[in-house]
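Q: show me the folded form of this:
(chains A and B)
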Amino acid sequence: MVDALSRAHRLLEPRGWIIDVHPTASDAAVEVGAVRTGRVDAGDAPRRHAAAARALAAVVDAGLLAIERTHQFTFYTYGDSLEELRDYVEENWRNARIDDETMARTREALRDDRRSRPRIHEHVQVTTLRGT
Amino acid sequence: MAIVEDPEDNEIAALNAVAVSFAGRRVLEIGCGDGRLTRRYVQEAASIVAIDPDAAAIAELREAMPGVDARAIGVDELDLPDHSVDIVLFAWSL
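A: Next up is the predicted model:
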């Protein structure tokens, strides 16, 4: 990750920006409306996201880049059905799944709230950096 | 399949909040996937090189945005001159 950032720095114009968008290390939640029904078992994703944050810190500590701004936001992914959302996670996220208990709780929440679609709620951080 | 990602547009709002404009910039996007984020700024950027090792996703991006220089490669295979871009965007890929 540090290598990728160093390489990106070489490709940049001297006053250019590196923008990093990645989820924070906190869990991705499964929700129905405002009700949290469980979390996505995302394998080693929290560890990878934490490593990305450390890589950013490392290039800043090395004096290569300076953080200009950071901003956190929520990122929702909706499915027309819970099964669709489960399949999407298994097909598109690395080593991730929604476990049976969370599926059962979410089905129950959907029965109670027929107007909401199931969704995944992620916390994401965007960071801008510039050369020093 | 009707999966919808970020219909609230929180991601592009966050990019706007950090005050980096894509207008007129030469952009390298690393980990572009099928161009979910690329399409949010494609109209503004002067040029875009978008890379991702997923060849199927790159094929989708090429079809949707033929003006983007989309390459099915990883960052290690990228061959661009030094100091040739204004913005490097790591799109959920670091």
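
Q: quick one: average pLDDT of stretch B:53-63?
A: Mean pLDDT, stretch B:53-63: 96.

Q: show me the contact partners of that stretch.
A: Applying C-beta atoms under 8 Å, 6 or more residues apart in numbering or on different chains, the external contacts of stretch B:53-63 come out as B:32-35, B:38, B:50, B:52, B:68, B:70-74. No exception for glycine: its C-beta is placed from N, CA and C like everyone else's.

Q: in this structure residue A:76 contacts residue A:120, no?
A: Yes: using C-beta atoms under 8 Å, residue A:76 makes contact with residue A:120 at a distance of 6.9 Å.

Q: for residue 42, which non-adjacent residue is closest in space?
A: You didn't pick a chain, so chain A it is. Leaving out its chain neighbours, the residue that sits closest to residue A:42 by C-beta to C-beta, 6 or more residues apart in numbering or on different chains is residue A:96, at 4.5 Å.

Q: chain B, not that one
A: According to C-beta to C-beta, 6+ apart, the nearest residue to residue B:42 is residue B:65 (5.4 Å).

Q: can you pull the contacts of the residue nearest to residue A:27 when sequence neighbours are not counted?
A: Nearest residue to residue A:27 in three dimensions, chain neighbours excluded: residue A:39, at 4.3 Å (C-beta to C-beta, 6+ apart). Residue A:39 makes contact with A:27-30, A:102, according to C-beta under 8 Å, 6+ apart.

Q: give me the below-cutoff pLDDT ranges for chain A.
A: Across chain A, nothing is flagged by pLDDT under 70.

Q: how close does the residue nearest the centre of it get to residue A:74?
A: Residue closest to the average C-alpha location in chain A (C-alpha atoms, centre = their mean): residue A:23, at 2.6 Å. Counting by C-beta to C-beta, to the nearest Å, the separation of residue A:23 from residue A:74 is 11 Å.

Q: which neighbours do the two share?
A: Common contact partners of residue A:23 and residue A:74 (C-beta under 8 Å, 6+ apart): A:122-124.
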